[in-house]
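Colleague: I'd like to go over a predicted model; first the sequence, then the structure.
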Amino acid sequence: MQRAWSHSFPLERPIDVDAAWQKLSRAMHPAADQLDDRGVAPDRSHGAGARGNVRLYQPTPSARSARSRLLRRTLDRVAARPSSTRMAAMAAAAAVLVATSFSMVRLVSGTWPLASVVQRRAAVPERKTQDFVAGTGQRALIDLADGTHIVLAPQSRLHVSLPTGASGLRELTLDGEALFTVTHDTARPFVVHSRYGTTVDVGTSFAVRAYAAEPYRVVVRDGQVALGTAAGAPVLNAGDVAAAEDDGTMHIAHDSGTASLIDWATGRLTFQHTRFADVVPELERWYGVTIRIATPSLRDRRITGQLDTESRAEAMAAIGRTLGAQHNTHGTHVTFSIRGEGR
């Protein structure tokens, strides 16, 4: 029922991709004579001759509104499309497109100000490295030169180190959460390191969650991954979820419903019978708020449902209704409470 509901909103009209890009370009860059042949303003922030810098734009209110409407309608269709056409559809929805010789980064944000994506090329012989940062309320969509696609969740950092030759480890270090759709290459194994452990691709699409002070989790959507590089390391198959217990031991659930755990990659947050206290860090990352639970009994109330991550006000109101609580917002501070109960 959740999947049917998510996919039941048809587009009001066909999207003319070329016209959409032209409209967005005009809104973001009113001085058309200053655009280059790709419709992008030259980056002069680092002086003449600067190269390898990611261009960041702050959209005008009108551009942000147009972008949000286009993005919202398009993403509803993207989730239902085959993977071969999904990237083309996402290109029409992306608000920012940054091309480099090493990778392509698209930022998909909601109504919050754009956070920065940091790119760094280290002078390491025979390897190319980059750092990516997704800020609050932002997903970074990253296409590596080897064909691997990555969705980086809010408040996450990713360090990428790739060999320039035909062999060697493709090593990534993650602080936060990311979904990896890997182009498998036996000569160049794909390894994701985090503060909690190492995940090795065996030809798959998988998500790793490794936020500080939060439970570690690996979700396999397709294919297989190994939990470590040592011989005999546990291997997860499609539909498996590995989660670390408080004592550090790993619990593996087979044939689990993984869709809700990676819905965030398409711009939605899905919760299934989840404690409100456990939901709070996720809400704070996605909506740029600080949440206070004024009534202690609310911490253990359970939430089931799906949120559209573009609307902060609607999301907070929906959470309040689900909890049977009232919420008060002051700037970026939101307080949930139950009238008449002790605090």
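Modeller: Great, that's in hand.

Colleague: so where's this protein uncertain?
Modeller: For the chain, the stretches flagged by pLDDT under 70 are 2-15, 29-125, 246, 309-310, 340-343.

Colleague: domain ranges for it?
Modeller: 2-257, 267-337 (automatic domain parsing).

Colleague: contact partners for Ile293?
Modeller: Applying Cβ atoms under 8 Å, 6 or more residues apart in numbering, we find Ile293 in contact with 276-277, 280, 299, 335-337. Heads up, the C-betas are built off the backbone N, CA and C, glycines and all.

Colleague: any idea which of these is closest to Arg209?
Modeller: Nearest to Arg209 among these, counting by Cβ to Cβ, is Val280 at 15.6 Å.

Colleague: ok so, going back, just send the contacts of Ile293 back as TSV, with secondary structure and neighbour count too.
Modeller: Output for the contacts of Ile293, formatted as TSV (DSSP: H, G, I helix; E, B strand; the rest coil; neighbours: other Cβ atoms under 10 Å):
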residue	secondary structure	neighbour count
Phe276	helix	22
Ala277	helix	14
Val280	helix	19
Arg299	helix	13
Thr335	strand	17
Phe336	strand	22
Ser337	strand	18
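
Colleague: ranges for the strands of the stretch 101-250 of the chain?
Modeller: In the stretch 101-250 of the chain, the strands defined using DSSP state E, counting those that start in this stretch lie at 103-109, 127-134, 138-144, 149-152, 156-163, 170-181, 190-193, 198-201, 205-210, 217-222, 224-226, 235-237, 241-244, 250-253.

Colleague: mean neighbour count and distance to Leu269 for the ones you listed - can I get that in CSV?
Modeller: Converted to CSV, the strands of the stretch 101-250 of the chain look like this (neighbours: other Cβ atoms under 10 Å; distance: least, Cβ to Cβ, whole Å):
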stretch, mean neighbour count, distance to Leu269
strand 103-109, 22, 14
strand 127-134, 20, 15
strand 138-144, 23, 12
strand 149-152, 23, 14
strand 156-163, 19, 15
strand 170-181, 22, 12
strand 190-193, 21, 23
strand 198-201, 22, 23
strand 205-210, 24, 13
strand 217-222, 21, 15
strand 224-226, 21, 24
strand 235-237, 18, 23
strand 241-244, 19, 17
strand 250-253, 14, 20
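
Colleague: columns distance to Ala325 on top of the ones you listed, output as TSV?
Modeller: Shown next, in TSV, are the strands of the stretch 101-250 of the chain (distance: least, Cβ to Cβ, whole Å):
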stretch	distance to Ala325
strand 103-109	28
strand 127-134	30
strand 138-144	28
strand 149-152	32
strand 156-163	29
strand 170-181	27
strand 190-193	38
strand 198-201	38
strand 205-210	27
strand 217-222	28
strand 224-226	39
strand 235-237	37
strand 241-244	28
strand 250-253	31
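
Colleague: for the ones you listed, which one sits closest to Arg268?
Modeller: The minimum distance between Arg268 and those falls on strand 138-144, with 11.1 Å, by Cβ to Cβ.

Colleague: which residue packs closest to Thr136, ignoring adjacent ones?
Modeller: The shortest distance from Thr136 to any non-neighbouring residue, by Cβ to Cβ, 6 or more residues apart in numbering, is to Gly288 (4.3 Å).

Colleague: verify the stated contact: the one you found with Gln155.
Modeller: No. Contact status for Gly288 versus Gln155: not in contact, 9.7 Å apart, counting by Cβ atoms under 8 Å.

Colleague: give me the number of residues near Gln155?
Modeller: The number of residues packed near Gln155 is 21, by other Cβ atoms under 10 Å.

Colleague: that one and Ala140 touch, don't they?
Modeller: No. Between Gln155 and Ala140 there is no contact under Cβ under 8 Å: 11.2 Å.

Colleague: any residues in contact with both of those two?
Modeller: Residues touching both Gln155 and Ala140 (Cβ under 8 Å, 6+ apart): Ala134.

Colleague: tell me the contacts of the closest residue to Ser156 other than its chain neighbours?
Modeller: Excluding its sequence neighbours, the residue lying closest to Ser156 (Cβ to Cβ, 6+ apart) is Gly176, at 2.5 Å. By Cβ under 8 Å, 6+ apart, the contact list for Gly176 reads 134, 152-158, 209-211.

Colleague: may I have stretch 209-227 as PDB, with CA atoms only?
Modeller: Extracted C-alpha coordinates of stretch 209-227, given in PDB (Å, rounded to 0.1, in the frame of the first residue of the first chain):
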ATOM      1  CA  ARG A 209      24.800   4.300   7.600                       C
ATOM      2  CA  ALA A 210      27.700   5.400   9.900                       C
ATOM      3  CA  TYR A 211      26.800   8.500  11.700                       C
ATOM      4  CA  ALA A 212      28.700   9.200  15.000                       C
ATOM      5  CA  ALA A 213      26.900   8.000  18.100                       C
ATOM      6  CA  GLU A 214      24.100   6.300  16.000                       C
ATOM      7  CA  PRO A 215      23.700   2.600  15.200                       C
ATOM      8  CA  TYR A 216      25.800   1.300  12.300                       C
ATOM      9  CA  ARG A 217      23.800  -0.300   9.400                       C
ATOM     10  CA  VAL A 218      24.400  -1.900   6.000                       C
ATOM     11  CA  VAL A 219      21.400  -2.400   3.700                       C
ATOM     12  CA  VAL A 220      21.800  -4.500   0.500                       C
ATOM     13  CA  ARG A 221      19.300  -3.600  -2.300                       C
ATOM     14  CA  ASP A 222      20.900  -5.700  -5.100                       C
ATOM     15  CA  GLY A 223      23.800  -8.100  -5.400                       C
ATOM     16  CA  GLN A 224      26.100  -8.900  -2.500                       C
ATOM     17  CA  VAL A 225      28.500  -7.200  -0.100                       C
ATOM     18  CA  ALA A 226      31.000  -8.600   2.400                       C
ATOM     19  CA  LEU A 227      31.300  -7.100   5.900                       C
END
